[in-house]
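Peer 1: With the input below, show me the fold.
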Amino acid sequence: MTDELELLRQADPVPSGAGPWRDRPLDARAEHRLAALMSADAPPDAPAPERAARSARTPRPRRTRRLLLGATAASAAAVAALTLTFSGAGTSPAQAAPTALVVQRDAPALPLDKVARNAEAYARALRSAPGPHRGSHLQSWYLSMRTGPDAAPPVTVPEERITRWNPDGSGSELVVATDPRHPGRPVINDADGEWRTVNDGKVLHRKTYPEGTRLDDPVTGDGTLPARPPADPDELRAYLSTFYSGAGTKTQPLLMALSSFLQEWTPGPRESAAVARMLSRLPDLRPAGQVVDRLGRRGQAYAYRGTDTSDGAMDGTLQLVILDPETGRVLGMETTFTKDVPDFQIKSGDVLSYEAWMP
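Peer 2: Numbers count the residues shown, from 1 in each chain. This next block holds a predicted model:
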């Protein structure tokens, strides 16, 4: 098979159908496949062969989407499981909102300090540990909603995003509509507010960036070159304050900044240890227990309950940060509702968003 999804999954550290996903670095063949896909001559909106004839518009940046979620708060957000059928793609329904992760009560909950010490020991043991690299591999399920008295219930949209950057500032970005929980089945897509279902593997966005590309600073809007993240926990927290104001003193902005950071950078072992140590110093981030994430990986979950809306927190929500207990690497982040919101057809436990990071 030579279509976009097959190329993507051959470039992926964990192909679909391989059971629980296991992280491993890309080999030379996979890198070649990924380069072939990202440098394809087809324009970003060209539909893949044997896929939906209707092309997708470029999605809004994830940072903007997360900012909007934080600003609207729980009273303006909703999640509901919605089943749609894709015209021409058979009768298999698209899958919408995932269920919340289940904490395994029979497994021990590790203190964050223990995970931080494990991560620091792991980083020290690697004499030539790789440093951070700019770019990321992210699978996400995020909220999409409409407004108005006759609006349909909101839906959760699954996407996979791969960004690669080179030392000279050139890079590429690829976004595909896919849900690894249901390989091969149609998925829901939000095309600038228009809901539809598309075939698994539909390319939503593909773009290459020239040498010397600068990023817009989230505070000033100026074009800046991204600074290399520090490996000291105190310096890292100050660094994350450049992503969101308030991250230096409040937990909710810090977690939002951490999400944006991980969309831009893939930390090395030392930086992951710094993240774990930084999180271990948060008094309101508490151990929840062991979980198996949506990519089949075992991790330790740590919970923050949003109550203080003055710092941007969403009242009535619970946020989980899932860490690898040995390396401190952030595996994922999940936000769920902790109370019903009848006006938006929300039940306690519904998922607002989930992000899973891969090497």
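
Peer 1: Partner strands of the helix or strand encompassing residue 196 and their direction?
Peer 2: Using DSSP states H and E, residue 196 sits within strand 194-198. Paired strands of strand 194-198, with direction, are strand 187-191 (antiparallel) (DSSP bridges).

Peer 1: Which helix or strand lies directly C-terminal to the strand holding residue 196?
Peer 2: The helix or strand immediately downstream of strand 194-198 is strand 202-209, counting by DSSP H and E.

Peer 1: Report all helices and strands that that next one contacts.
Peer 2: Under the contact definition 3 or more Cβ pairs under 8 Å, 6 or more residues apart in numbering; DSSP states H and E, strand 202-209 sits against strand 171-177, strand 187-191. C-beta: built from backbone N, CA, C; applies to glycine.

Peer 1: redo that, cut-off 6 Å
Peer 2: strand 171-177 (3 or more Cβ pairs under 6 Å, 6 or more residues apart in numbering; DSSP states H and E).

Peer 1: any idea of the angle the strand it packs on forms with strand 202-209?
Peer 2: On the basis of axes from the mean of the first three to the mean of the last three Cα atoms, to 10 degrees, strand 171-177 is oriented at 170 degrees to strand 202-209.

Peer 1: following the worst-scoring helix or strand of the chain on mean pLDDT, which helix or strand comes up?
Peer 2: Lowest by mean pLDDT, DSSP states H and E among the helices and strands of the chain is helix 62-72, with a mean of 29. Sequence-wise, the next helix or strand downstream of helix 62-72 (DSSP H and E) is helix 112-125.

Peer 1: mind listing the helices for this structure?
Peer 2: According to DSSP state H, the chain carries its helices in the segments 4-11, 28-38, 62-72, 112-125, 233-240, 251-264, 269-280.

Peer 1: Who are the contact partners of residue 319?
Peer 2: Shown in contact with residue 319 (Cβ atoms under 6 Å, 6 or more residues apart in numbering): 304, 335.

Peer 1: same question but for residue 320, I mixed them up
Peer 2: Applying Cβ under 6 Å, 6+ apart, the residues near residue 320 are 301, 303, 334.

Peer 1: who's it bridged to?
Peer 2: Taking DSSP bridges as the rule, residue 320 bridges to residue 303, residue 334.

Peer 1: do residue 137 as well
Peer 2: Beta-bridge pairing for residue 137 (DSSP bridges): residue 162, residue 358.

Peer 1: ok, it touching residue 162?
Peer 2: Yes: between residue 137 and residue 162 there is a contact under Cβ atoms under 6 Å: 5.1 Å.

Peer 1: Please point out the stretch among the helices of the chain with the lowest average pLDDT.
Peer 2: For these, mean pLDDT drops lowest on helix 62-72, to a mean of 29.

Peer 1: How many residues are close by the closest residue to residue 141 other than its chain neighbours?
Peer 2: When the adjacent residues along the chain are set aside, residue 141 lies closest to residue 354, with 4.5 Å between them (Cβ to Cβ, 6 or more residues apart in numbering). Residue 354 has 24 neighbours, counted by other Cβ atoms under 10 Å.

Peer 1: Distance check, residue 354 against residue 180.
Peer 2: For residue 354, the distance to residue 180 equals 12 Å [Cβ to Cβ, to the nearest Å].

Peer 1: Next: residue 131.
Peer 2: Distance of residue 131 to residue 180, given as Cβ to Cβ: 28 Å.

Peer 1: Residue 104 now?
Peer 2: Remark: distance between residue 104 and residue 180 (Cβ to Cβ) = 21 Å.

Peer 1: Check residue 174 too.
Peer 2: Applying Cβ to Cβ to residue 174 and residue 180 gives a distance of 16 Å.

Peer 1: and what of residue 243?
Peer 2: For residue 243, the distance to residue 180 (Cβ to Cβ) stands at 27 Å.

Peer 1: I'd like to know how far the residue nearest to residue 141 sits from residue 299.
Peer 2: Separation of residue 354 from residue 299 (Cβ to Cβ): 13 Å.

Peer 1: For the protein, give me the ranges with low pLDDT.
Peer 2: Counting by pLDDT under 70, the chain contains low-confidence ranges at 1-98, 145-149, 151, 215-226, 307-315, 344.

Peer 1: again, only this time at 80
Peer 2: For the chain, the stretches flagged by pLDDT under 80 are 1-98, 127, 143-154, 192-193, 214-226, 306-315, 341-347.

Peer 1: Restrict stretch 192-203 to CA atoms and write it as PDB.
Peer 2: Extracted C-alpha coordinates of stretch 192-203, given in PDB (Å, rounded to 0.1, in the frame of the first residue of the first chain):
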ATOM      1  CA  ASP A 192     -13.100  25.100  10.400                       C
ATOM      2  CA  GLY A 193     -16.400  24.500  12.200                       C
ATOM      3  CA  GLU A 194     -17.900  22.100   9.700                       C
ATOM      4  CA  TRP A 195     -18.200  18.600  11.000                       C
ATOM      5  CA  ARG A 196     -17.900  15.700   8.700                       C
ATOM      6  CA  THR A 197     -16.500  12.200   8.600                       C
ATOM      7  CA  VAL A 198     -13.400  11.300   6.500                       C
ATOM      8  CA  ASN A 199     -11.600   8.100   5.800                       C
ATOM      9  CA  ASP A 200      -8.900   7.000   8.200                       C
ATOM     10  CA  GLY A 201      -5.600   8.600   7.000                       C
ATOM     11  CA  LYS A 202      -7.100  11.600   5.400                       C
ATOM     12  CA  VAL A 203      -4.300  14.300   5.100                       C
END
